[in-house]
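A.B. asks: Next come a sequence and a model predicted from it.
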Amino acid sequence: MSLALQSLEKDCDYANELIKEPELNWLIRRGGTLFIFGDYGKPPFLIYELYALGITLFTCAPPALILLVQSMYALKMKRKTLSLLRKTI
């Protein structure tokens, strides 16, 4: 997943214009690196990262949920069996 995100990360095409805006200009003056996805509501490359995240969750979440439900059921049955054994003893 991180490889997919790293390959899709890049500044938007008009990042140099956005850096000149006052909201972001003060961050540039402080130093460091500023990664710009795009203008408000118009992220050109972020959508591909969100697709990659969605596909990853869509493929990994169902097996994990199935295992979780199965283990909860097994624990419930084990608890029921132990409580019946305690009543008979």
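C.D. replies: Sure thing, it's come through. Residues are numbered from 1 along each chain as shown.

A.B. asks: which strands and helices sit next to the longest helix seen in the chain?
C.D. replies: When secondary structure is assigned using DSSP state H, the longest helix within the chain turns out to be helix 46-88. In this structure, helix 46-88 makes packing contacts with helix 2-8, judged by 3 or more Cβ pairs under 8 Å, 6 or more residues apart in numbering; DSSP states H and E. Yep, even glycine has a C-beta here, placed from its N, CA and C like the rest.

A.B. asks: counting contacts, what elements does the helix or strand just after the helix it packs on pack onto?
C.D. replies: Past helix 2-8, further along toward the C-terminus, the next helix or strand under DSSP states H and E is helix 15-19. Taking 3+ Cβ pairs under 8 Å, 6+ apart as the contact definition, the neighbouring helices and strands of helix 15-19 are helix 22-30.

A.B. asks: what do you get if the cut-off is 6 Å, keeping everything else the same?
C.D. replies: Under the contact definition 3 or more Cβ pairs under 6 Å, 6 or more residues apart in numbering; DSSP states H and E, helix 15-19 sits against no other helix or strand.

A.B. asks: Going forward, count from 789.
C.D. replies: From this message on, residue numbering opens at 789, which makes the last subject helix 803-807.

A.B. asks: can you tell me the average pLDDT over it?
C.D. replies: The average pLDDT within helix 803-807 is 72.

A.B. asks: So for the longest helix of the chain, mean pLDDT?
C.D. replies: Averaged across helix 834-876, pLDDT comes to 88.

A.B. asks: Compute the number of surrounding residues for residue 834.
C.D. replies: 14 (other Cβ atoms under 10 Å).

A.B. asks: how much space between it and residue 840?
C.D. replies: In this structure, residue 834 lies at 11 Å from residue 840, with Cβ to Cβ, to the nearest Å as the measure.

A.B. asks: for residue 857, same thing?
C.D. replies: With the distance defined as Cβ to Cβ, residue 857 ends up 27 Å from residue 840.

A.B. asks: I'm done for today, thanks for sticking with me.
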